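Asks: Compute the structure for the input listed below.
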Amino acid sequence: MYCRKITLVTMTLLFGMTLAANAYAKWMTEFEDDIFNDAKKVVMVGEVEKAGFLAFECENNILTASYIEAADVSQIQEGIFSDMYIKIDNSPRVRLSGVSVIRNQKSFAMQGDGPTDSIKILIKELHNAKERFLFGFKTEQGGKFSSSGDVDGSTGAVEKFVKACSVDIPLSTVAVN
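Replies: Model prediction:
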């Protein structure tokens, strides 16, 4: 499973979105150049109603989707596997394989990896979204978590993400939100 530590850009986005509250778009994309190659590290995050963020990340053309939450990481156990589910508007839900990871001293993630095509479908659906997204995960031990969020600003965030990531995701030409 592809795991990496959170970038400075991601932390800036997470704290910035927490402070921004409802006055700004619920979805944002940021990127930075990767010093080791010509690629960019790109992250797109959207607020989840129960105090976390749904994040799509692209590094070296590898796509991941994660739920990120601030927490006392001393209480978090890494390596717990889960099934992650993401549903955007009325589209069918998409299942990804997830694993708990500590991202830094103040946050953990349930990081989802799956077929790149599944993550691309989610990104395309987010681009065309009109209402809400649903998110949840179920661990092998039976624990469950679910929440939802708005898609405000997702169209522009996806367009910026796709362009910066240089990933091939055909998007519709009509912006929705």
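Asks: Where does pLDDT dip in the protein?
Replies: 1-25, 172-177 (pLDDT under 70).
Asks: For it, which residue occupies the most central location?
Replies: residue 55 (1.5 Å; Cα atoms, centre = their mean).
Asks: what sits against it?
Replies: Taking Cβ atoms under 8 Å, 6 or more residues apart in numbering, we find residue 55 in contact with 10, 43, 44, 45, 46, 65, 66, 67, 68, 109. C-beta here means a position set from N, CA and C on the backbone, and glycine is covered the same way.
Asks: Where does the second one fall, secondary structure wise?
Replies: Take DSSP states H and E as the rule and residue 43 turns out to sit in strand 40-48.
Asks: Just give the strands next to that strand in its sheet, each with its orientation.
Replies: Each strand that pairs with strand 40-48, with its direction, by DSSP bridges: strand 27-33 (antiparallel), strand 52-59 (antiparallel).
Asks: got the contact list for that strand?
Replies: When contacts are defined by Cβ under 8 Å, 6+ apart, strand 40-48 is touched by residues 7, 9-10, 13-14, 17, 26-34, 53-59, 67-68, 126, 133, 135, 147-151, 154, 157-158, 160-161, 164-166.
Asks: got the CA coordinates for that strand in PDB?
Replies: C-alpha atoms of strand 40-48 as PDB (Å, rounded to 0.1, in the frame of the first residue of the first chain):
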ATOM      1  CA  LYS A  40       4.200  18.200  -8.800                       C
ATOM      2  CA  LYS A  41       2.800  17.100  -5.500                       C
ATOM      3  CA  VAL A  42      -0.900  18.000  -5.700                       C
ATOM      4  CA  VAL A  43      -3.600  17.800  -3.000                       C
ATOM      5  CA  MET A  44      -7.300  18.600  -3.300                       C
ATOM      6  CA  VAL A  45      -9.200  18.700   0.000                       C
ATOM      7  CA  GLY A  46     -12.900  19.100   0.900                       C
ATOM      8  CA  GLU A  47     -14.500  19.500   4.300                       C
ATOM      9  CA  VAL A  48     -16.200  16.600   5.900                       C
END
